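> Below are the sequence and a predicted model; questions follow.
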Amino acid sequence: MAKAVIMPKFSMTQEVGVIARWLKQAGDAVEKGDPIAEVETDKVNMEVEAPADGFLGGIRYEEGDTVPVTEIIAYVLAEGEKALTAPPRPAAPSTPAAAPPVPPATAAGGVIIASPIAQRLAAAEGINLTAVTGSGPNGKVTRQDVELYLREQAVQPAAAAPSDGKVRATPAARRIARENGLNLATVPGSGPRRRIQAADATEAIQAAPIPAPKPAPASGGEPVIVPLEGMRRTIAERLQASYQQAPHIMFTAQVEMSAVIKARTAINARLPEDQPTISITAFVIKAVAWALRQHPTVNSLFYNDQILVMPEVNVGMAVALETGLIVPVIPQADRKGLAQIGAEVHDLTARARAGQLRPQDVADGTFTVSNLGMFGIDHFTAIINPPQVAILAVARIDKRFVPDENDQPVLKPLMTMTLSVDHRVVDGAVAARFMQSLREALENPVSMLL
């Protein structure tokens, strides 16, 4: 009996996912647990696995399509079984500003099948689609195929055609390859069954000759169009909705960081050489978790017109990626020591940038910390990450003169932090008391041990 493959729901607030890439094609044999598609959400890229042994069939969506969660995207069929007939999908609404699609190129064997996005991109770049190898169902040319062709032409113009899409590789390796014009068919894999890992792709790119830089475009040239799609579109829609629907109020405070700096130096000096050092972000997360336990209203979610005061303190930390922003979560941060939090901050940041996060790494956050101090930012405000009701923006530590008890100027390391809260849930006095507790924890770290 046919087994439906559905668009998974990785988080409580996820409504759609994007088919980033089909890893198997119609008719391919699959085993239960085999990755068959890569799905992109606003939080993480994940693989969709086959629910049973059989053959992939009845693919209903193309690469680049946005699909509602729990929607059937394909079937796994038994031998000789036919795919179930699916109701016709409504056509996507046309975009007035988009260029009209061009007819597909004609090859000797007939018409080249290509998605509308692939056609528009090919027309804009002057590409003959007969030169592009399609990786979609029945050889259909997708947007990713055209982008990969463009990058390969820029890096190695005389290179052979790109991979046929059946190379075994992790989503992170495929992303690295797409971003750098790497043909994965030429990369040896070091993973199980010679699967290509992110490290393999990175090593291949580093070993490749550096291409000559392209000349700068002449004055008055055409602008570079970056489509608002995938993770970038989801982030834009969610944060726009958050800023429009949640009445943000901000509270800024300066914290004297001498005690944290002294404690951090002492703790890092005692850590084993093979253990990552504890960052300022780890101290802030520990202090935030301690303060949230004192002020549980700030540790709430606003969901379906209800306020959910969460029993666990799960602190997320914003990590910047080339394609957007992701927020891995440190669960039960109030129950963990600084060394453990520091190790988890290091691990999650590294895996986020390598595209190796798991769904549980980005799930169930109750509060978010965004630290831009390492970029030299003096002050900023952050938009709340729904359905959470608060986010803390942390700026750099800067030495400034402040008066001591005798009104004499003394040089002190100060850090500016700004709390944004949803005023539907958090009153001003509650937010102010939370900031008082947070400052106390950072200026007197021993208070977190009481």
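Here it is on my side, so go on. Numbers count the residues shown, from 1 in each chain.

> and stretch 300-313, which residues are buried?
Using 16 or more other CB atoms under 10 Å as the test for burial, stretch 300-313 gives 300-302, 308, 310, 313. C-beta here means a position set from N, CA and C on the backbone, and glycine is covered the same way.

> List the ones among these that fall in strands.
The strands in this structure, assigned by DSSP state E, contain 300-302, 308 from the buried residues of stretch 300-313.

> Export the residues you listed as TSV, with columns for pLDDT.
Converted to TSV, these look like this (pLDDT from 0 to 100):
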residue	pLDDT
300	96
301	95
302	93
308	94
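
> Export those residues as JSON lines, with columns for distance to residue 74.
Shown next, in JSON lines, are these (distance: CB to CB, whole Å):
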{"residue": "300", "distance to residue 74": "39"}
{"residue": "301", "distance to residue 74": "33"}
{"residue": "302", "distance to residue 74": "35"}
{"residue": "308", "distance to residue 74": "35"}
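
> which of those residues lies closest to residue 354?
Comparing those against residue 354 with CB to CB places residue 301 closest, at 29.0 Å.

> dump the residue contacts of the closest one.
Contacts of residue 301 were listed using CB atoms under 8 Å, 6 or more residues apart in numbering, and they are 307-308, 310, 366, 387-389.

> and with 6 Å instead?
With contact taken as CB atoms under 6 Å, 6 or more residues apart in numbering, residue 301 is in contact with 308, 387.

> what secondary structure does residue 433 sit in?
For residue 433, the assignment made with DSSP: H, G, I helix; E, B strand; the rest coil gives helix.

> what's the nearest residue to it if we skip its chain neighbours?
Closest residue to residue 433 apart from its sequence neighbours, by CB to CB, 6 or more residues apart in numbering: residue 295 at 6.2 Å.

> before we move on, the earlier item: determine which two of the buried residues of stretch 300-313 are furthest apart.
That would be 302 and 313, which, of the buried residues of stretch 300-313, are the farthest apart (CB to CB) at 17.1 Å.

> What is the neighbour count of the residue nearest to residue 433?
Neighbourhood size, residue 295 [other CB atoms under 10 Å]: 18.

> Could you do residue 35 as well?
18.

> what are the phi and psi angles of it?
With angles defined as degrees, to the nearest 10, residue 35 sits at phi -70, psi 130.

> Just give the nearest non-adjacent residue to it, would you?
In this structure, residue 35 finds its nearest non-sequential neighbour in residue 47, 3.8 Å apart by CB to CB, 6+ apart.

> hang on, that neighbour in a strand?
Yes. Counting by three-state DSSP, residue 47 is part of a strand.

> picking up where we left off before, if we take the buried residues of stretch 300-313, which one ends up nearest to residue 30?
Set against residue 30, the nearest of those by CB to CB is residue 301 (37.3 Å).

> who's that closest one bridged to?
When assigned by DSSP bridges, residue 301 has beta-bridge partners residue 308, residue 388.

> From residue 246, how far off is it?
According to CB to CB, to the nearest Å, residue 301 and residue 246 sit 12 Å apart.

> Same check on residue 114?
Using CB to CB, residue 114 is found at 41 Å from residue 246.

> Please apply the same query to residue 26.
Distance from residue 26 to residue 246, by CB to CB: 44 Å.

> And residue 237, by the same measure?
Using CB to CB, residue 237 is found at 14 Å from residue 246.

> and the two? which has more neighbours close in?
More crowded of residue 237 and residue 246, by other CB under 10 Å: residue 246, with 21 against 14.

> tell me which element the residue of the chain most remote from its centre falls in.
Relative to the centre of the chain, the most outlying C-alpha is that of residue 406, 50.1 Å out, by CA atoms, centre = their mean. According to DSSP states H and E, residue 406 maps onto no helix or strand at all.

> Show me what residue 76 is bridged to.
Under the criterion DSSP bridges, residue 76 forms beta bridges with residue 3, residue 56.

> Give me the phi and psi angles of residue 201.
phi -60, psi -40.

> Tell me what the residue most central in space within the chain is bridged to.
Centroid-nearest residue in the chain, with CA atoms, centre = their mean: residue 326, separated by 4.0 Å. Assessed by DSSP bridges, residue 326 has beta-bridge partners residue 319.

> Over to residue 19?
residue 39.

> count of residues packed around it?
By other CB under 10 Å, 24 other residues sit near residue 19.
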